[in-house]
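Student: Prediction below, plus the sequence it came from.
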Amino acid sequence: MNKIGRFLMISLLSFITIAEAQNKGERPNVVIFIADDLGRNDLGPYGNRVVETPNLDQLAGESVVFNQAFAASPTCAPSRASIHTGLMPFRNGAHANHTGIKEGIKTLPTYLRAEGYKVGFAGKLHIGPMEAYPFDLIEGTNVREPGHENDGVLWTDLELGPVDKWLNKASGGQDPFVLVVNDHSPHVIWPEEPGYSTGEVDIPSMHIDTKDTRRSRARYYTDITKMDRNVGKMRELVEKNGLEDNTIFIFTADQGPQWAFGKWNLYDYGIQVPLIVYWPGRTDENRENDNLVSLTDLLPTLIEIAGGEAPGSIDGKSFLGLLNGEKNTHRRSVYGSHTGDGNMNRTPMRMIRTKRYKYILNLAPEEEYHTHIDKAKDHDGGREYWDSWRAGSFNDNPYASAVLWRYHNRPQEELYDVVKD
């Protein structure tokens, strides 16, 4: 055999070896951990010096930390549908809260199963219709919190025991996996007894500093720390099952928190989210990235990680090149929309965000703005402190009056220089 023949034979054997390795499931596994109603700035990796998030701090120290990641909607169901379809809410159909995607829309489990991946799901659902999401649903991961077994759905907690069994089974299989883990924290209802003192919590400048606000803030931070413990447990389970060397771990949130100017708003506190990506062997030290990223970009990124080709028909754009260090640019702008949340919130709005500017179009500026924060009296996220805000606005407190006016009244158009403003 001449040199050319030997070269061709070696090349063919190398190609067969790579193909066999992929068939044996040596492509990376992926765990996506999604927090519920979490402010990006309310975490240690993003500069908060009060809340304790040791597990996320450790994760960030060995990950790519995206500083400019945004949800497609500041409401649970539309945001989650966009994550799983790579499509903006009005394109997938789930643009109002508690709605499902349109018939014929492909989803994350469909795409990844076609690439030979096992696709599991644990924790909070808030997606639908379920026949459009052919996940391997892990039973027993949604449980009532102790002492609230007979209370409503807002007392649901994440149970990771069944996930351990699923990972153990997956570790012995030939196929790689993607596992979506949805926590219920820090969505209301927050823990009744705060683990932080009211004196140590920080109050965002757009809120009103009252005793009741501080107690609610302490409870919210307590729930964040609880969520952080689940992140730590999840990583421990990956290691326990011998999967840590070949499992990408992604942490994010569906949207901002149930605080004024957060959830149900297109201000950054409502739609900017944490996004932290750990890839063993590629991101072993902290690397911050300031590119604009949309959560619609997760799906095409996963498809390319799996070895497939992301469809050009979706809105998401793969950021695999940013993870590999092969690219240093991504998006010029991101977009967001909000329609409403049942009959409680009927103030639709749209957003365009660049690194420098944010434009918000309010489609019903004549409507006084209301959400569960100021209206719902049966659960947290306003029930505990809103009356103190209203009292402050009537007690010769110009700042409190200005905050409440700003909350209830939205102009048709808003334009901000997010660097200077």
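Tutor: Sure thing, it's come through. Numbering: from 1, shown residues only.

Student: make it CA atoms for all contacts and neighbour counts henceforth
Tutor: Noted.

Student: need the helices for the stretch 51-200 of the chain, in chain order.
Tutor: For the stretch 51-200 of the chain, applying DSSP state H, counting those that start in this stretch gives helices covering 54-60, 76-85, 89-92, 108-114, 161-171.

Student: Take the second one, keep the C-alpha atoms, and write them as CSV.
Tutor: The C-alpha coordinates for helix 76-85 follow below in CSV (Å, rounded to 0.1, in the frame of the first residue of the first chain):
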residue,chain,number,x,y,z
CYS,A,76,-43.7,32.2,33.2
ALA,A,77,-45.5,30.3,30.5
PRO,A,78,-44.5,32.5,27.5
SER,A,79,-40.9,32.5,28.7
ARG,A,80,-40.7,28.8,29.1
ALA,A,81,-42.4,28.1,25.8
SER,A,82,-39.8,30.3,24.1
ILE,A,83,-36.9,28.4,25.8
HIS,A,84,-38.3,25.1,24.5
THR,A,85,-39.2,26.2,21.0
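
Student: Check what pLDDT the residue lying closest to Arg215 once chain neighbours are set aside gets.
Tutor: Once flanking residues are discounted, Arg215 sits nearest to Thr198: 5.5 Å by Cα to Cα, 6 or more residues apart in numbering. As predicted, Thr198 sits at a pLDDT of 96.

Student: thought Thr198 was touching Arg214?
Tutor: Yes: contact criterion Cα atoms under 8 Å: Thr198 and Arg214 qualify, at 5.1 Å.

Student: Who has more neighbours out of these two?
Tutor: When Thr198 is set against Arg214 and neighbours are counted by other Cα atoms under 10 Å, the residue ahead is Arg214, at 21 against 18.

Student: Would you list the phi and psi of that one?
Tutor: Torsion angles at Arg214 (phi, psi; degrees, to the nearest 10) stand at phi -70, psi -40.

Student: dump the residue contacts of it.
Tutor: Contact analysis of Arg214 by Cα atoms under 8 Å, 6 or more residues apart in numbering lists Thr198, Gly199, Val201, Ile203.

Student: Give me the pLDDT for the third one.
Tutor: The one in question is Val201. In this model, Val201 is scored at 97, pLDDT.

Student: burial of it, as a residue count?
Tutor: 19.

Student: tell me the SS of it?
Tutor: Three-state assignment for Val201 (DSSP: H, G, I helix; E, B strand; the rest coil): coil.

Student: That one and Arg214: what is the separation?
Tutor: Separation of Val201 from Arg214 (Cα to Cα, to the nearest Å): 7 Å.

Student: Would you check that Ile352 makes contact with Ile360?
Tutor: Yes: here Ile352 lies in contact with Ile360, judged by Cα under 8 Å, at a distance of 6.7 Å.

Student: show me where the chain has strands.
Tutor: With DSSP state E as the criterion, the chain has strands at 29-35, 64-70, 118-123, 136-137, 142-144, 156-158, 177-182, 247-253, 272-278, 287-294, 334-338, 349-353, 357-362, 413-417.

Student: out of these, which comes closest to Tyr399?
Tutor: Relative to Tyr399, the nearest member of the strands of the chain by Cα to Cα is strand 413-417, separated by 20.6 Å.

Student: Which strands and helices lie in contact with that closest one?
Tutor: Applying 3 or more Cα pairs under 8 Å, 6 or more residues apart in numbering; DSSP states H and E, we find strand 413-417 packed against strand 357-362.

Student: Are there helices or strands packed against the strand it packs on, and which ones?
Tutor: For strand 357-362, the packing partners by 3+ Cα pairs under 8 Å, 6+ apart come out as strand 349-353, strand 413-417.

Student: what's the offset of the last one from the middle of its chain?
Tutor: On the basis of Cα atoms, centre = their mean, to the nearest Å, strand 413-417 sits 25 Å off its chain's mean C-alpha point.

Student: before we move on, back to that, dump the residue contacts of the residue nearest to Arg215.
Tutor: By Cα under 8 Å, 6+ apart, Thr198 lies in contact with Lys211, Arg214, Arg215, Arg217, Ala218.
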